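> Provided below for reference: sequence and predicted model.
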Amino acid sequence: MGTPKGVENGDYEYYKENQGITKSYYLIFILSLLISIIGGSLLGWWLHKYHPTNRQLWMVPFSLILFFTPVIVWLSLIIPDLFSSKNEQEDVYNMNQRIHPLDGSLCALKR
């Protein structure tokens, strides 16, 4: 089968791992889109069939939850990624700094 074009032999394992992640993201995106469509369709059905008589009111919050929950979940996954630092070396440097307690604090070493 061979390696895909543009991918060198050393990067093939990384490429295979990212392909699996990308496929799972597509699957999750399609499923969440399907859930939103079901919620919107249920709300439209209630509007068409039951709204004039105001019956079956339980369908309204249920369909709104189905309609908006995937949107909220995707926004909560995408927005933090937009504001995260892309410089991994700077992140490692910031994590490795030691914290020294103030003199006279409860954590200060007794000498």
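Everything's here; your move. Keep in mind that what you see is a predicted model, and the values were worked out from it rather than measured.
> can you count the residues close to the closest residue in space to Val73 that isn't next to it in sequence?
Computed as Cβ to Cβ, 6 or more residues apart in numbering, the closest residue to Val73 that is not its neighbour in sequence is Ser32, at 6.8 Å. (Each C-beta comes from the backbone N, C-alpha and C, glycine too.) When counting by other Cβ atoms under 10 Å, one arrives at 15 neighbours for Ser32.
> Flag every buried residue along the helix or strand where Ser32 lies.
Using DSSP states H and E, Ser32 maps to helix 12-49. Buried residues in helix 12-49, counted by 16 or more other Cβ atoms under 10 Å: 35-36, 39, 42-43, 46.
> now do stretch 54-63
For stretch 54-63, the neighbour count (16+ other Cβ under 10 Å) marks 59-60, 63 as buried.
> which one of those sits closest to Thr69?
Proximity of those to Thr69 (Cβ to Cβ) peaks at Ser63, which lies at 11.0 Å.
> how about His48, what does it touch?
By Cβ atoms under 8 Å, 6 or more residues apart in numbering, the contact list for His48 is empty.
> Distance of it relative to Ile30?
His48 is 26 Å from Ile30, where distance means Cβ to Cβ, to the nearest Å.
> what do you get for Leu47?
Going from Leu47 to Ile30 by Cβ to Cβ gives 26 Å.
> Contacts made by stretch 68-88 with the rest, please.
29, 32-33, 35-36, 39, 91.
> Next, count neighbours for Pro70.
By other Cβ under 10 Å, 19 other residues sit near Pro70.
> Now do it against Leu33, distance only.
Separation of Pro70 from Leu33 (Cβ to Cβ): 7 Å.
> Check Pro61 too.
21 Å.
> repeat for Thr53
To Leu33, Thr53 is 31 Å away according to Cβ to Cβ.
> go on, His51?
On the measure of Cβ to Cβ, His51 and Leu33 end up 25 Å apart.
> Same check on Phe67?
Applying Cβ to Cβ, the value for Phe67 to Leu33 is 11 Å.
> remind me which residues of this protein are low pLDDT?
The model of the chain has pLDDT under 70 over residues 1-21, 85-111.
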